[in-house]
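Visitor: What would the 3D arrangement of this be:
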Amino acid sequence: MLMGKKPDQLIQSIDRAFDILELLVEKGSSMGVTEISERTKLHKSTVYRLLATLRYRGYVKKDNHEKYKIGFKLFELGSSVINNIDLRSDAKPFLRELMNISEETVHLGVLDDNQVVYIDKVESENTIRMYSKIGRRNHASSTSLGKVILAYSDREVVDKVIREEGLKKLTENTITDEEQFKKHLAKVRSQGYAIDNEEQEYGIRCIAGPIFDHTGEVIAAFSISGPTMRMTKEKVESLKPVIKEYSKKISESFGCNGFC
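Guide: Numbering: from 1, shown residues only. Sure thing, here's the model as predicted:
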């Protein structure tokens, strides 16, 4: 996934290799050279050379049908990054408590290159579960996680997200007007939580709270998410004080005293 404007100084072969890796991750299954070539608009000979290099380094591997899929090296690198984030381990006990209280899936996310990245989750044990993956990216402007982080971020951060990522219309409920969106963020900041009322995806409703560090800066957010058949507007209403309570608790664990 591209991160904003492409810089002038790029090593083309590395850029193309990442195109292939990201395509394989997005596809989630094995792909042949011809399909990769067509999807990336790269010549087959170029795809062959890049795949050979990636395979040698362990980032891709061949299956029994001579097709390519993601290798374990990529997982190893990703896991190493995530495991070194203290935020994730320190917030985990609170996420579990929130899951037990709400009986819904709880996510932990950060803002990265204008998008929200899920860095952890505690899944509910309900039969109907919401689909999400650690490492997945979503639009900051249409998710409760993203909106609550942006609400407490500097104006320059908000402007950058709007300028580079845009306010994309994903459902009929998505806010796409810049002025309206900024007014919405002001409301989120004043109330201490953000709600995604089927703005990112139909049938899913979420409520999120901010996490602050010892300097009072917003560093992440957590959300409670579930299908609208369970996450009714009444249930979301009942979770508002819970979100505010845990925003304070988690932030205090990171040294945020007095500001929250």
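Visitor: show me where this structure has helices.
Guide: Assigned by DSSP state H, the chain shows helices spanning 12-27, 33-40, 44-56, 72-83, 86-102, 144-151, 155-164, 178-191, 233-253.
Visitor: need the ones you listed in JSON lines with distance to Gly209 and mean pLDDT, can you?
Guide: Every residue, glycine included, has its C-beta placed from N, CA and C. JSON lines is the format used below for those (distance: least, Cβ to Cβ, whole Å; pLDDT from 0 to 100):
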{"stretch": "helix 12-27", "distance to Gly209": "30", "mean pLDDT": "90"}
{"stretch": "helix 33-40", "distance to Gly209": "39", "mean pLDDT": "93"}
{"stretch": "helix 44-56", "distance to Gly209": "40", "mean pLDDT": "93"}
{"stretch": "helix 72-83", "distance to Gly209": "21", "mean pLDDT": "71"}
{"stretch": "helix 86-102", "distance to Gly209": "9", "mean pLDDT": "91"}
{"stretch": "helix 144-151", "distance to Gly209": "6", "mean pLDDT": "95"}
{"stretch": "helix 155-164", "distance to Gly209": "18", "mean pLDDT": "91"}
{"stretch": "helix 178-191", "distance to Gly209": "10", "mean pLDDT": "94"}
{"stretch": "helix 233-253", "distance to Gly209": "4", "mean pLDDT": "93"}
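Visitor: Figure out which of those is closest to Ile219.
Guide: helix 86-102 (6.7 Å; Cβ to Cβ).
Visitor: looking at the helices of the chain, which is buried most?
Guide: Among the helices of the chain, ranked by average contacts under mean count of other Cβ atoms under 10 Å, first place goes to helix 144-151 (a mean of 29).
Visitor: That helix to helix 178-191, inter-axis angle?
Guide: Helix 144-151 runs at 90 degrees relative to helix 178-191, counting by axes from the mean of the first three to the mean of the last three Cα atoms, to 10 degrees.
Visitor: Residues contacting helix 144-151, please?
Guide: 107, 109-111, 115-116, 118, 138-141, 157-158, 161, 184-186, 188-189, 193-196, 206-210, 218, 220-223, 225 (Cβ atoms under 8 Å, 6 or more residues apart in numbering).
Visitor: Using PDB, write out every CA atom in that helix.
Guide: What follows is helix 144-151, C-alpha atoms only, in PDB (Å, rounded to 0.1, in the frame of the first residue of the first chain):
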ATOM      1  CA  SER A 144     -13.900   5.400  15.500                       C
ATOM      2  CA  LEU A 145     -10.200   4.700  16.200                       C
ATOM      3  CA  GLY A 146      -9.000   7.100  13.600                       C
ATOM      4  CA  LYS A 147     -11.500   9.800  14.400                       C
ATOM      5  CA  VAL A 148     -10.600   9.800  18.100                       C
ATOM      6  CA  ILE A 149      -6.900  10.000  17.400                       C
ATOM      7  CA  LEU A 150      -7.400  12.800  14.900                       C
ATOM      8  CA  ALA A 151      -9.600  14.700  17.300                       C
END
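Visitor: that older thread, quick one, which of the helices of the chain gets closest to Gln200.
Guide: Ranking the helices of the chain by proximity to Gln200 (Cβ to Cβ) places helix 144-151 first, at 8.4 Å.
Visitor: residues contacting the spatially most distant residue from the centre of the chain?
Guide: The C-alpha centroid of the chain is most remote from Ser45, which lies 34.5 Å away (Cα atoms, centre = their mean). If you count contacts by Cβ under 8 Å, 6+ apart, Ser45 has none.
Visitor: can you check Tyr152 too?
Guide: Per Cβ under 8 Å, 6+ apart, neighbours of Tyr152: Arg189, Pro210, Phe212, Val218.
Visitor: And for His214?
Guide: His214 makes contact with Phe254, Gly255, Cys256, according to Cβ under 8 Å, 6+ apart.
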